[in-house]
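A.B. asks: Here is my input; please provide its structure:
(one chain, ligands or ions: 1)
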Amino acid sequence: MSGAAQPATSKFAAMLRGARGRCPNCGEGKLFGSFLKVAETCNHCGEELNHHRADDLPAYLIVVILGHILVPGVVWVEVVYSPSYWVHAAIWLPVTLVVAVGLLQPCKGAVVATEWYLGLHGFFPSKQRRLAAITPSN
Ligand SMILES: [Zn+2]
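C.D. replies: Numbers count the residues shown, from 1 in each chain. You can find the predicted model right below:
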C-alpha cells in the first residue's frame with residue numbers, strides 16, 4: 001500500500017470510493033474486474049473484495065433515482081409542450097436507458113463499499129483489522 005492510500009475513515013468516503021469504482025480500502029485499486037463483476041481482490045492493496053452481496057439493491061436504488069429524475073421531467077415536458085406520446089417515448093426511453101446503465105456501476109460500487117465499511121457478510125475480519133489498527137493499545 002502506498003503512503004497516501006489509507007482505508008476510508010467514514011461511510012461516506014467509502015461510498016464515494018466505491019461509486020468511483022475504486023477499492024474502499026486504499027482508494028487506488030479497481031473495485032470491478034469487468035463492468036459489473038466485482039474483483040476478487042484489490043489490484044493495489046490486496047484487500048479481499050469478493051465478500052460482497054449487493055444483490056438487487058443497486059437496481060432498486062437506480063429505480064428510485066430514475067423516478068426522481070424522470071417523473072418531474074415527463075410532467076414538465078407534458079405541461080409546457082404537450083407533445084404526442086411518440087415524442088415522449090422518443091425522449092424518455094433513451095434517457096432512461098442511458099441513465100440506468102450509467103448508474104449501474106456507481107450504485108453497485110457504493111453498495112459494495114458500504115458493505116465493506118460496515119463489515120457486513122465476509123468483510124467483518126477486514127473491519128476488525130481496521131479498527132485494531134486505529135485503536136491505541138495499552
Ligand atoms: Zn485496495
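A.B. asks: So which bits of the protein are right by the ion?
C.D. replies: Cys23, Asn25, Cys26, Gly29, Cys42, His44, Cys45, Glu47 (C-beta under 5 Å from the ion). Any C-beta I mention is one placed from the backbone N, CA and C, and that applies to glycine too.
A.B. asks: So which of the residues you listed belong to strands?
C.D. replies: Judged by DSSP state E, strands contain none of the residues of the chain next to the ion.
A.B. asks: Could you tell me how many residues sit around Trp95?
C.D. replies: In this structure residue 95 is Val, not Trp. 15 (other C-beta atoms under 10 Å).
A.B. asks: hang on, the earlier thing: can I get the residues of the chain next to the ion in TSV including neighbour count?
C.D. replies: Converted to TSV, the residues of the chain next to the ion look like this (neighbours: other C-beta atoms under 10 Å):
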residue	neighbour count
Cys23	30
Asn25	29
Cys26	21
Gly29	22
Cys42	22
His44	17
Cys45	16
Glu47	21
